[in-house]
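1. Just to be clear, the model below is a prediction. Sequence and coordinates:
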Amino acid sequence: MKSKINPVGNSISRQHSAKSRVTNGMNRREFIKALGLGAAALAMPGCAGKASGDKPNFIIIFCDDAGYADVGCFGAKGFETPNLDRMAAEGVRFTDFYVAAASCTPSRAALMTGCYPQRVSLPHVLGPKAKIGISSEEQTIAELLKSRGYATACYGKWHLGHHPEFLPKRHGFDDYFGLPYSNDMWPRHPTNKSFPDLPLIEGEKIIEYNPDQTKLTTWYTERAVRFIEKNKDRSFFLYLPHSMPHVPLYVSDKFKGKSKQGLYGDVIMEIDWSAGQILSTLKRLGIDEQTLVMFTSDNGPWLSYGDHAGSARPLREGKGTTFDGGQREPCIIRWPGRIPAGTVCDESASAMDILPTLAKLAGAELPALRIDGKDIWPLMSGRAGARSPHEALFYYRGWALEAVRSGKWKLHLPHSYRTLGGRKGGTGGKPVKYEQAKIGLALFDLEKDIGEQHDVSAQHPEVVERLLGLADKIREDLGDSTKKMTGKSRRPPGRI
């Protein structure tokens, strides 16, 4: 395939690096034979070699507000991420991986359910006074895997509802420890005394208010390691959604002042350390080759916070927008022996795809209710000629449809958006104010224009017409508040 330059500047092929072309060119039987694996690996899509259980283990490390360029192998500056870089060197790096929203709750709803957040009616960020959450009718990744005998745990930020009926233990997780929503919601909020103090929850019980947030990353990591150790002889699913690097930023003493980029760099270095603890635990227990580990984030950086925010370079805008800086995320997936090392995939994929992909690998049935994610194992495993299973991906902000991507083309529908307008963000944890801007109907070629700067709609009217047709179809399905359409396939959220 024709080689091209990726956003970080490395020469790559469409689906795999030159380093692994020979390996990727093997058929599955030849590849497994070369790795020295047995017949069981040929028979079971979710099994490679000696297994701790009869199915593979899965770990998802999920950051909060990390930007596209906040990992070394994606172009980070001012700090190092050696463990995540090693993950990429030993696995696959997705350059065109999207979350389903540019904010916390809807992005997490999509990951857990495999659905657009509009389908499950969680399109907005939930606060401490919210009386809705994830519905008991929806099946999460954890529930699907529990049906196959998995041990399951979630350590970190949940943000799909803070009432007991919405917490992880009611939705397939055996164990939970963490914050029910973002770490700024809102401990002794100086301007709104009606908000409660920030609760730390274990299981379904609040064990502390306003915990020492410098210890959160360490606490989550320690729990994760203990969970892996406890379940090393059975199949498990670990969801590790870090509270960081969402503002306000906190870091432990062991990483304070370690980076050249101040507190934000320190925080990312500690998240990298956490990933290293997970990887070293798997190796120490001898279950490295039975475990798929994934790293990504829920949305792009909160740019108004300036030096307390990450970078979306070379993408446009950040959190809260449907430009790629808001929804395209760094994504690394590693599974020794099953995912070829050092590979790069620039086919578009979505966090919604994780549920059906893990279900397939575990031999679990998909949810009875309709989902939007697709199996992307062919992309993960470097199958020759594999392409994105999505004809299009759709970008909503709340209930409003704002953009459509199909292949290399991304069409923005007319909408307003927040921007710094070229200004710098704030310093020391104090944000600057956004200004409002507008974009009309605009088409971008993301292969030539990753920063969404040059509208080529006049040159490609046939592409615009096709994408507008796709937009009309999703409006009929999920609605669009800008057209006063509710859609025919929305499902209600859970309510107290």
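-> The structure has been received and is ready for your questions.
2. Going by C-alpha atoms from here, please, whenever you check contacts or count neighbours.
-> Fine.
3. so what's A89 up against?
-> Taking Cα atoms under 8 Å, 6 or more residues apart in numbering, we find A89 in contact with 341-343.
4. now the residues you listed as CSV including secondary structure, distance to I59 and pLDDT?
-> Shown next, in CSV, are the contacts of A89 (DSSP: H, G, I helix; E, B strand; the rest coil; distance: Cα to Cα, whole Å; pLDDT from 0 to 100):
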residue, secondary structure, distance to I59, pLDDT
A341, coil, 18, 98
G342, coil, 19, 97
T343, strand, 20, 98
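5. Tell me the one among those residues nearest to L361.
-> A341 (19.0 Å; Cα to Cα).
6. roughly how far apart are that closest one and N83?
-> The gap separating A341 from N83 is 14 Å, by Cα to Cα, to the nearest Å.
7. One more: L358?
-> Remark: distance between L358 and N83 (Cα to Cα) = 23 Å.
8. One more: G300?
-> Plainly put, G300 is 21 Å away from N83 if you go by Cα to Cα.
9. Please apply the same query to P241.
-> P241 is 17 Å from N83, by Cα to Cα.
10. got it, and A437?
-> Relative to N83, and taking Cα to Cα, A437 is found at 39 Å.
11. who has more neighbours, these two?
-> Set A437 next to N83 and count neighbours by other Cα atoms under 10 Å: N83 wins out with 22 against 12.
12. What pLDDT is listed against the more buried one?
-> For N83, the pLDDT comes out at 98.
13. Okay, and it sits in which element?
-> N83 is part of helix 82-89, with elements assigned from DSSP states H and E.
14. and that helix, how far from the chain's centre?
-> The chain centre lies 17 Å from the centre of helix 82-89; the measure is Cα atoms, centre = their mean, to the nearest Å.
15. Packing partners of whatever helix or strand comes next after it?
-> Per DSSP H and E, helix 82-89 leads on to strand 92-98 as the next helix or strand towards the C-terminus. On a contact count with 3 or more Cα pairs under 8 Å, 6 or more residues apart in numbering; DSSP states H and E, strand 92-98 meets strand 328-334, strand 343-345, strand 349-350.
16. Could you name the helices and strands sitting against the last one?
-> Packing contacts for strand 349-350, counted by 3+ Cα pairs under 8 Å, 6+ apart, involve strand 92-98.
17. same question, the longest one
-> Counting contacts by 3+ Cα pairs under 8 Å, 6+ apart, strand 328-334 packs against helix 82-89, strand 92-98, strand 291-297.
18. Compute the inter-axis angle for the longest one and strand 328-334.
-> Meaning helix 82-89. 80 degrees (axes from the mean of the first three to the mean of the last three Cα atoms, to 10 degrees).
19. same question, the last one
-> Between strand 291-297 and strand 328-334, the angle comes out at 170 degrees (the same axes, to 10 degrees).
20. Could you list the low-pLDDT ranges of the stretch 1-150 of the chain?
-> For the stretch 1-150 of the chain, residues meeting the criterion pLDDT under 70 lie at 1-53.
21. any chance you could map the helices in it?
-> Along the stretch 1-150 of the chain, counting by DSSP state H, counting those that start in this stretch, helices occupy 21-25, 28-35, 39-43, 82-89, 104-113, 141-146.
22. and stretch 255-274, which residues are buried?
-> Going by neighbour count (16 or more other Cα atoms under 10 Å), the buried part of stretch 255-274 is 255-259, 262-274.
23. Let me see the ranges of the strands in the stretch 301-450 of the chain.
-> 328-334, 343-345, 349-350, 393-397, 400-406, 409-412, 415-419, 435-439, 442-445 (DSSP state E, counting those that start in this stretch).
24. Please identify the pairing partners of the last one and their relative orientation?
-> Here strand 442-445 has these sheet partners by DSSP bridges: strand 409-412 (antiparallel).
25. likewise the second one?
-> According to DSSP bridges, strand 343-345 forms sheet pairs with strand 92-98 (parallel).
26. can you give me the angle the partner strand makes with strand 393-397?
-> Per the same axes, to 10 degrees, the angle that strand 92-98 makes with strand 393-397 is 50 degrees.
27. which residues are contacting strand 92-98?
-> 6-7, 327-334, 339-351, 380.
28. any idea of the angle it forms with helix 104-113?
-> Going by the same axes, to 10 degrees, strand 92-98 makes 120 degrees with helix 104-113.
29. Buried ones in strand 92-98, by neighbour count?
-> Across strand 92-98, burial judged by 16+ other Cα under 10 Å covers 92-98.
30. roughly how far out does that strand sit from the chain middle?
-> 10 Å.
31. For it, C-alpha coordinates in CSV please.
-> Taking C-alpha atoms only, strand 92-98 is exported to CSV below (Å, rounded to 0.1, in the frame of the first residue of the first chain):
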residue,chain,number,x,y,z
VAL,A,92,-1.2,-1.0,17.6
ARG,A,93,-1.6,2.8,17.6
PHE,A,94,-4.9,4.1,16.2
THR,A,95,-4.4,7.6,14.7
ASP,A,96,-8.1,8.1,13.7
PHE,A,97,-9.9,6.9,16.9
TYR,A,98,-13.0,8.9,17.9
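32. name the helices or strands packed onto the longest helix along the chain?
-> Under DSSP state H, the helix in the chain containing the largest number of residues is helix 262-284. Helix 262-284 is packed against helix 82-89, helix 216-230, with contacts defined by 3+ Cα pairs under 8 Å, 6+ apart.
33. In JSON lines, list those along with distance to L145.
-> Listed next are the helices and strands packed on helix 262-284 as JSON lines, based on distance: least, Cα to Cα, whole Å:
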{"stretch": "helix 82-89", "distance to L145": "24"}
{"stretch": "helix 216-230", "distance to L145": "16"}
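34. Can you say which of these is nearest to H390?
-> It's helix 82-89; of these, that one is closest to H390 (Cα to Cα) at 24.0 Å.
35. got the angle between that closest one and helix 262-284?
-> Going by the same axes, to 10 degrees, helix 82-89 makes 60 degrees with helix 262-284.
36. Run a quick neighbour tally on K230.
-> 12.
37. quick one: pLDDT of it?
-> According to the model, K230 scores 98 on pLDDT.
38. Can you tell me how far the nearest residue to S107 once chain neighbours are set aside is from K260?
-> In space, S107 comes closest to A101 once its chain neighbours are excluded; the distance is 4.9 Å by Cα to Cα, 6 or more residues apart in numbering. Applying Cα to Cα, the value for A101 to K260 is 31 Å.
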